Each structure stands twice: as structure tokens, then as C-alpha cells.
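K.L.:
Sequence and predicted structure are below.
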Amino acid sequence: MNEIWQRERARREAIWQLDALQPGDHNARPILQRLSELEQLDQEQPLAVCTLDLQQLHELPHEPHAIGFNIIRDADIPQPWLSRFAIAAGPICKVAEGVYRHDWTDFLDAWAKENDHINAHREALE
């Protein structure tokens, strides 16, 4: 579990660094290289395998919670997505049983936009 956390933390830090740059900025090259290295590690040495796509992750089971929001139980969120969310959102977006559903869906939407941004950088520097 610690290895997943470390890998996902490295990925998140690279994404945050890249977010500050516009596609075509040559300062993005080492960041994109780091992201490519992490993607290669995921292929060669997977720490967790999740076959769900973003739409399926959006559709994870949820339930009402006494706090007045729907939650998705931690046990229902596959790795590495649970770690990705925890690193990106922090502890404020959850209760003991799981994560707030609205924060989960916001995270997945942001993930898609971040991947579009990464791809725009890659295309601009080809």
C-alpha cells in the first residue's frame, strides 16, 4: 500500500507542476518525462490493477450518510483510485466510512481534464 501511495504522490506532484504551464512550454519536458516513467512503471510493475473506466468509476455504488450527503465506501473504490483521490483531495473530503460522492465525481472530472492537459502538452512538444 505504501508503494501505491508513493507512486501516486509522485504522479500528483507532476500533475500539479504541469498545471502551472501552458502547452508548448519547454519547461514541461522533464515533468512529462516523469509522468511517462510513472506510466511505464504502471505497465511493467503494476501495484494495483483496475479495469474500470472513468464512467464506471462515476457509477460506483453510493449511499446516504447521516451527515446529509451521499458517500461511496472506501471498500468500493478500487486501487489505485482510492489513493489518487486521497492524495488529490485530502482528508477533508471524507468520513470514516468513505468519501463524499460529490467530491469523488468532481475528482474524476478533474482527472479527465488533467489528462487532456497532459495530452495537450505532449502534442505541443512532439
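P.N.:
Thanks, I have the structure now.
K.L.:
going forward, measure contacts between C-alpha atoms and count neighbours the same way
P.N.:
Will do.
K.L.:
Direction included, what does the worst-scoring helix or strand of the chain on mean pLDDT pair against?
P.N.:
Within the chain, judged by mean pLDDT, DSSP states H and E, the helix or strand with the poorest mean is strand 94-95; its value is a mean of 89. Sheet pairing of strand 94-95 (DSSP bridges) gives strand 98-100 (antiparallel).
K.L.:
Strands along the protein, start to end?
P.N.:
With DSSP state E, the ranges of strands along the chain come out as 63-64, 70-73, 94-95, 98-100.
K.L.:
For this structure, identify the residue most remote from the centre.
P.N.:
residue 66 (27.1 Å; CA atoms, centre = their mean).
K.L.:
Please name the residues that touch that residue.
P.N.:
Going by CA atoms under 8 Å, 6 or more residues apart in numbering, residue 66 touches no other residue.
K.L.:
Check what pLDDT it gets.
P.N.:
The score at residue 66 is 93. That number is its pLDDT.
K.L.:
circling back to that earlier point, do you know which of the strands of the chain lies nearest residue 54?
P.N.:
Closest approach to residue 54 among those (CA to CA): strand 70-73, 15.0 Å.
K.L.:
contacts for the least confident helix or strand of the chain?
P.N.:
By CA under 8 Å, 6+ apart, the residues outside strand 94-95 that reach it are residue 100.
K.L.:
residues contacting residue 19?
P.N.:
By CA under 8 Å, 6+ apart, the contact set of residue 19 is 114, 117.
K.L.:
Looking at residue 107 now. What's its pLDDT?
P.N.:
Here, the pLDDT recorded for residue 107 equals 96.
K.L.:
which residues touch it?
P.N.:
For residue 107, the contacting residues are 85, 88, 89, by CA under 8 Å, 6+ apart.
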